[in-house]
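J.: Mind looking at a prediction? Sequence and model below.
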Protein chains: 4
Amino acid sequence: MGAAIPNRITVGIFGGSGYSGRELSRWLSRHPRARVEFSTGSAAPHIPHEDGLSRRVDVYFLCLPHVTSAAYVEKLRKAQPRSLIVDLSGDLRLRTEASYKRWYEHDHGAPALLAQAVFGLTEVFRADIPGAKLISNPGCYATSAMLPLLPLIKDGLVDSEDIIVDAKSGASGAGRSLREDLLFCEVEGNFSIYSQGRRHRHIGEIEETIERCTGVRPVLTFSPHLLPVERGILSAIYVRTPRSVDELRSALARYYEGAPFVRLVDSAPKLKDVNHTNLCLMSVHEGAPGRAIVVSALDNLVKGASGQAIQNMNVALGFDETEGLL
Amino acid sequence: MGAAIPNRITVGIFGGSGYSGRELSRWLSRHPRARVEFSTGSAAPHIPHEDGLSRRVDVYFLCLPHVTSAAYVEKLRKAQPRSLIVDLSGDLRLRTEASYKRWYEHDHGAPALLAQAVFGLTEVFRADIPGAKLISNPGCYATSAMLPLLPLIKDGLVDSEDIIVDAKSGASGAGRSLREDLLFCEVEGNFSIYSQGRRHRHIGEIEETIERCTGVRPVLTFSPHLLPVERGILSAIYVRTPRSVDELRSALARYYEGAPFVRLVDSAPKLKDVNHTNLCLMSVHEGAPGRAIVVSALDNLVKGASGQAIQNMNVALGFDETEGLL
Amino acid sequence: MGAAIPNRITVGIFGGSGYSGRELSRWLSRHPRARVEFSTGSAAPHIPHEDGLSRRVDVYFLCLPHVTSAAYVEKLRKAQPRSLIVDLSGDLRLRTEASYKRWYEHDHGAPALLAQAVFGLTEVFRADIPGAKLISNPGCYATSAMLPLLPLIKDGLVDSEDIIVDAKSGASGAGRSLREDLLFCEVEGNFSIYSQGRRHRHIGEIEETIERCTGVRPVLTFSPHLLPVERGILSAIYVRTPRSVDELRSALARYYEGAPFVRLVDSAPKLKDVNHTNLCLMSVHEGAPGRAIVVSALDNLVKGASGQAIQNMNVALGFDETEGLL
Amino acid sequence: MGAAIPNRITVGIFGGSGYSGRELSRWLSRHPRARVEFSTGSAAPHIPHEDGLSRRVDVYFLCLPHVTSAAYVEKLRKAQPRSLIVDLSGDLRLRTEASYKRWYEHDHGAPALLAQAVFGLTEVFRADIPGAKLISNPGCYATSAMLPLLPLIKDGLVDSEDIIVDAKSGASGAGRSLREDLLFCEVEGNFSIYSQGRRHRHIGEIEETIERCTGVRPVLTFSPHLLPVERGILSAIYVRTPRSVDELRSALARYYEGAPFVRLVDSAPKLKDVNHTNLCLMSVHEGAPGRAIVVSALDNLVKGASGQAIQNMNVALGFDETEGLL
């Protein structure tokens, strides 16, 4: 690819059988400029990941578990240096080896990549994405928290040291793993909190990214929950603020003016407002004195994974940002 | 009924066709000492509420909408002065007319009753219940918040002015009303926050009751959510505290020592741990520095309504507290 | 519109707030040649149905209850005689007043229309649709039964007098009506059979249509069921046949050769294979000797309603049949 | 245990962590005469199955996979010859090695047991159960089909060679196995047919049992389906009959007169009418001429497994049949 915007591109997917891989295939099949050439890890025909390395396409999407993903990014960078790689795993979201080790609890297999990847929170890093060759796609919970928090912290409107994110996600967020706690009879009619406090990996991603963008490192109390639905994340974010709800709203509206997929709404969004779309909707509400509640909703498989990956590809290649995503 | 503990009692239900009325019937049908004599508002045979007034039984349970409920409590107190009345509506949970008007947005129809009702949060008001003739059964969300918060505030362990209750309830909490937002196709696969901030009626009940018990009036930010499940409430309660998680745990364990239905557990409880039981399980977890997370879970139709109503009846009549509830 | 195929068309929806109306809006918003000009009955801005009559568009879709729908078809035929009308109600699916009265239990309000409407089971009546001005869109259950049965009866492969259709539908098939049996707490975790035997209206539509196409009037035992899912119909059709399963398969494969949305598959289709698509998948399996089982699956809101309506529009206007439906 | 009816008994469960094992524990914990002494295979404290062999109790319930179950029955018969064994697996439901091999596709490990076990379809084999030492608990689908079919075939009211059973079961029927098709994201919002025709093992159990009781061997077309609910089986059974629906109803009512858990009802039963109870409800409806539809509903974990196991224990030991089951 040169300076000119390509008309049509070819795409390869690593790990096409998981929930985000399947979602990605579905959206790409409707993308007017992309054609999926291969998908590894799927059923029929089965293509081993290793085979994907030699199949040249314009864009590679990696929907692989972390650790495995970094290894394939490294191989692909060598084998196909002119192609764009979008990594949907957690391997390249943090900026330092130390931080990766803190949150993923083992050494990073390819630490040199950490500095090379552009962080694909599209609305925030839009300027860095055009022409990028390696994009790290953000986490689903992280997207749901960073999009509303970033503008508020940047403008100094909220106490960055007392932020509570109470987030609820559909079961597809846990991937297609054979775990007893993901069986239908365990999840249906049930609801649970897990990894509450300071334990979930996305905390590192959220705090580090916000610090990088704003110079202020926030401190989160973060509670993920497992909803008995297939998809969708709704986060209630409790912030301490001397400002009025209207001021917070204005800051968000201003920051996302012109962004096609992030919108401030009046009534709190529901999962059904965002599921099967690439939207992130947010609203702000009054809490007790000195407290505001920011609600954000997105589809973890779309804006939280595959949709944002395509959005990043669109921006990287010079396509319209919404191509194939409406 | 005299001073002796009765062996067998008769029971009448007003409003037996709603979700808490039906749940109450089911539990009472297994109670070894109670026999349901009539249930008004049900299908077959249909008995109008008015007819229930002249049917003498030992205990009346009122599963009626507020306003209607207070009117029947007043009539029953006159018609059947020797019987026990357990009111499951919101009409008698607050202590003053002003407070009722603030939260229910109209005048109370029988304000004299407010001072006469014992508040049936059994574990907390156990001393007041034996021999009572009028018991106001607490709200479901309120029970889920008051049980964990009360001991912590009483012992001065948490900042009472910065409490966030992020509560999630199954759809039966909204009752059996013909509302479009309660249709299957609206709730299934969906999740939403509503009445967030300082708008839900149970805030009044929680703050007032805790103040009455502890002398300290807490200030809540309260966010109820609608879960796509039939039953169950899970609340994540964020408190600011200089104390360790272990100190909070000890306070709760101490307060509920010997209570058969309230238990402190190590791992955060899930809805399936409490649904179809009269249990309220709670756990405490570390948040960001100076923050702790208290999780509580109960079945809104059982400990949050009908089960606690029976528990109150048991205590009021001198039965074993767990009779018919295991 | 003349003989030439139009490049872009305008569309109006009557009854845009129900489940099929909303689904139709969503699909049309992605249709590359259609632009929705108005939608009546929706929230904001609210446009009364009556106002739609004077707004000239190329195609009107009527997602209205029966009786109401026929009245608006009649008015639109006068007010906008050059436009195409696609009626999604049951009003124009039967061919005679007597038959309508038998199944809908009252007189038809505009009986002259019955003979004028083309029956929009696209794959079967494709030859009649180009240029049509009035199309009656088939019922969801009816589509799910007619598509597999029609070729088998036409070829004389099955005993037309002993056909059992055991059909299961998601709750959106009942529409967005405020009925107690459609509340979340009634449908969730539940499953039920209703109108079993010879009572459901779609029996008339199925038997009459098959007779019209094949000369043979079948006799059905039909059992609709309510599934605790939002969307999708899966029908198990039990036929008596002297033929092998392979012969039945061949007949179906032959009949639907080239049809883009109807496919014979080897393993029985599941709802998730068809939901959110315009596909009808079918499979044939061996039963007890002399018995075969035909399984069909479709999304009641897409191939069973809005998708087939757009498919009919595409064929009527000379567009590619799949335009906007992939 | 001698001839006298014991007042209180001790019980052991093999395989207490699966869905029927857990359900059994729950019901037994409420049984006024039974006390669970141990449960193998559960989490804490973990007791290996082998240890259960030496723990003497009055009644052993085996909730183990087939093959494993027969092996433990054999060992228990030797180790604890005076105790009652209730086997919930499929190992002892068929009467001959050949039949077992036909349906389970391997040799039986302990064929001598086949003739020793009483078949625990309580209502039908009630006379054989008192004093039995080995009871084979029927399958869930099989119970749902045999209870309505047996009286009709016994009285010669239906064509035994043309019976279609279209059965739908909740996901707990498949047990707590780590299978991808049982993950929440696969089952939720989905519905599917499987093992349709003549492939499901319960066909052997149904046909053989009915033949043993009536002398007539029926031939079934049987279609199991997977419902997106935790529990419950609803079967629509299509029979060919020259008799009126009323005659069929009378035969069923007569056969189950006095049976506390099997009831004929007028409107077709729903899953919510039977779930969490030991009931099997049935109804009869008119189909096309010469056809009737029999609907039956039961909770697969209760009347289809653990509840019927307790019912069998009650009858075997001389307790009231309903003890602990209301």
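T.: Right, received. Where do you want to start?
J.: State the distance from whichever residue of the stretch 201-326 of chain A sits closest to chain C to A:T122.
T.: Using C-beta to the nearest C-beta, the closest approach of the stretch 201-326 of chain A to chain C is made by A:L326 at 7.0 Å. All C-beta spots, glycine's among them, are computed from the backbone N, C-alpha and C. Going from A:L326 to A:T122 by C-beta to C-beta, to the nearest Å gives 15 Å.
J.: Output the longest helix belonging to chain A.
T.: Ranked by residue count and defined by DSSP state H, the top helix of chain A is helix A:140-154.
J.: Could you list every helix and strand in contact with it?
T.: helix A:122-125, strand A:163-169, helix A:202-214, strand A:220-226, strand A:233-240, helix A:245-255, strand A:280-286, strand A:291-298 (3 or more C-beta pairs under 8 Å, 6 or more residues apart in numbering or on different chains; DSSP states H and E).
J.: so the residue of the stretch 201-326 of chain A closest to chain C makes contact with C:R30?
T.: Yes: the pair A:L326 / C:R30 is scored as a contact, 7.0 Å apart, by C-beta atoms under 8 Å.
J.: what sits against the residue of the stretch 201-326 of chain A closest to chain C?
T.: By C-beta atoms under 8 Å, 6 or more residues apart in numbering or on different chains, the residues touching A:L326 are C:29-30.
J.: for A:G290, same thing?
T.: A:G290 makes contact with A:240-242 under the criterion C-beta under 8 Å, 6+ apart.
J.: which of the residues you listed count as buried?
T.: For the contacts of A:G290, a burial check counting by 16 or more other C-beta atoms under 10 Å in any protein chain shown picks out A:240-241.
J.: before we move on, back to that, mind listing what's buried along the longest helix of chain A?
T.: Those would be A:140-154, for helix A:140-154 by 16+ other C-beta under 10 Å.
J.: Equivalent analysis for stretch A:110-118, please.
T.: A:110, A:113-114, A:117-118.
J.: so how far is it from its chain's centroid?
T.: Put simply, stretch A:110-118 sits 17 Å off its chain's centre (C-alpha atoms, centre = their mean, to the nearest Å).
J.: do you know how far A:I233 is from A:L252?
T.: Distance from A:I233 to A:L252, counting by C-beta to C-beta: 18 Å.
J.: Between the two, tell me which one has more neighbours.
T.: Applying other C-beta atoms under 10 Å in any protein chain shown to A:I233 and A:L252 shows that A:I233 carries more neighbours, namely 29 against 25.
J.: picking that back up, let me know the closest of the contacts of A:G290 to chain D.
T.: Distance to chain D, by C-beta to the nearest C-beta, is smallest for A:R240 among those, at 36.1 Å.
J.: In contact with that closest one: list those residues for me.
T.: Under the criterion of C-beta under 8 Å, 6+ apart, the neighbours of A:R240 are A:158-159, A:162, A:290-291.
J.: redo that, cut-off 6 Å
T.: Going by C-beta atoms under 6 Å, 6 or more residues apart in numbering or on different chains, A:R240 touches A:159, A:162, A:290.
J.: Wait, A:E37 touches A:R8, no?
T.: No: using C-beta atoms under 6 Å as the test, A:E37 is too far from A:R8 to be in contact (11.7 Å).
J.: Nearest residue to A:T122 in space, please, no chain neighbours.
T.: Among residues not flanking A:T122 along the chain, A:Q311 sits closest, at 4.9 Å (C-beta to C-beta, 6 or more residues apart in numbering or on different chains).
J.: That neighbour - how many residues pack around it?
T.: Counted with other C-beta under 10 Å, residues neighbouring A:Q311 total 27.
J.: Settle this for me: it is touching A:E123, isn't it.
T.: No: taking contacts as C-beta under 6 Å, A:Q311 lies outside contact range of A:E123: 9.0 Å.
J.: Give me the common contacts of those two.
T.: Residues touching both A:Q311 and A:E123 (C-beta under 6 Å, 6+ apart): none.
J.: about what we covered before: so which of the buried residues of stretch A:110-118 comes closest to D:T214?
T.: A:A110 (71.2 Å; C-beta to C-beta).
J.: which ones are touching that closest one?
T.: Each residue near A:A110 by C-beta under 6 Å, 6+ apart is listed here: A:70, A:74.
J.: Please report how far it lies from chain C.
T.: According to C-beta to the nearest C-beta, to the nearest Å, A:A110 stands 37 Å off from chain C.
J.: A:R217 reaches A:E208, doesn't it?
T.: No: with contacts counted by C-beta under 6 Å, A:R217 stays clear of A:E208, the gap being 8.0 Å.
J.: Is the nearest residue to A:Q116 once chain neighbours are set aside bridged to anything, and to what?
T.: Among residues not flanking A:Q116 along the chain, A:L134 sits closest, at 5.4 Å (C-beta to C-beta, 6+ apart). Taking DSSP bridges as the rule, A:L134 bridges to A:I85.
J.: Give me the angle between the helix or strand the residue nearest to A:T122 falls within and strand A:280-286.
T.: Following DSSP states H and E, one finds A:Q311 within helix A:307-317. Between helix A:307-317 and strand A:280-286, the angle comes out at 110 degrees (axes from the mean of the first three to the mean of the last three C-alpha atoms, to 10 degrees).
J.: so how far is helix A:307-317 off the chain centroid?
T.: 12 Å.
J.: Can you list the helices and strands that that helix packs against?
T.: Contacts defined by 3 or more C-beta pairs under 6 Å, 6 or more residues apart in numbering or on different chains; DSSP states H and E place helix A:307-317 against strand A:84-87.
J.: which is the next helix or strand following the strand it packs on?
T.: With elements assigned by DSSP H and E, the helix or strand that comes after strand A:84-87 is helix A:97-104.
J.: From what I see, A:V315 and A:A127 are in contact.
T.: No: applying C-beta under 6 Å as the test, A:V315 and A:A127 come out as separate, 9.7 Å apart.
J.: quick one: which of those two has more around it?
T.: More crowded of A:V315 and A:A127, by other C-beta under 10 Å: A:V315, with 23 against 8.
J.: what about the nearest residue to the more buried one once chain neighbours are set aside, how many neighbours?
T.: Distance criterion C-beta to C-beta, 6+ apart; nearest residue to A:V315, sequence neighbours excluded, is A:I129 at 4.5 Å. Residues contacting A:I129 under the criterion other C-beta under 10 Å number 21.
J.: For A:I129, give me phi and psi.
T.: Dihedral angles of A:I129 (phi, psi; degrees, to the nearest 10) stand at phi -80, psi -40.
J.: do you know how far it is from A:S20?
T.: Taking C-beta to C-beta, one finds A:I129 at 20 Å from A:S20.
J.: returning to that earlier point: so which of the buried residues of stretch A:110-118 comes closest to chain B?
T.: Nearest member of the buried residues of stretch A:110-118 to chain B, counting by C-beta to the nearest C-beta, is A:L114, at 25.5 Å.
J.: Distance check, the closest one against A:E207.
T.: Separation of A:L114 from A:E207 (C-beta to C-beta): 16 Å.
J.: I'd say the residue nearest to A:V315 and A:M313 touch.
T.: No: using C-beta under 6 Å, A:I129 is not in contact with A:M313; the gap is 9.2 Å.
J.: Mind listing the residues bridging to A:L234?
T.: Beta-bridge partners, per DSSP bridges, of A:L234: A:K168, A:A297.
J.: check contacts around it.
T.: A:168, A:271, A:297, B:191 are the contacts of A:L234 under C-beta under 6 Å, 6+ apart.
J.: cool, A:V86 as well?
T.: Contacts for A:V86 (C-beta under 6 Å, 6+ apart) come out as A:61, A:135, A:137, A:309, A:312.
J.: Check the burial of the last one by counting its neighbours.
T.: Spelled out, it's A:N312. 28.
J.: Next up, the contacts around it.
T.: Residues counted as contacts of A:N312 (C-beta under 6 Å, 6+ apart) are A:86, A:120, A:122, A:129, A:135.
J.: pLDDT below threshold where in chain A?
T.: Within chain A, the stretches with pLDDT under 70 are A:1-3, A:43-44.
J.: Chain B contacts on that one?
T.: Within chain A, the positions near chain B by C-beta under 6 Å from any C-beta of the partner chain are A:164, A:166, A:189-193, A:196-197, A:219, A:221, A:223, A:227-229, A:234, A:236, A:238, A:268, A:270-272, A:285-288, A:291, A:293, A:295.
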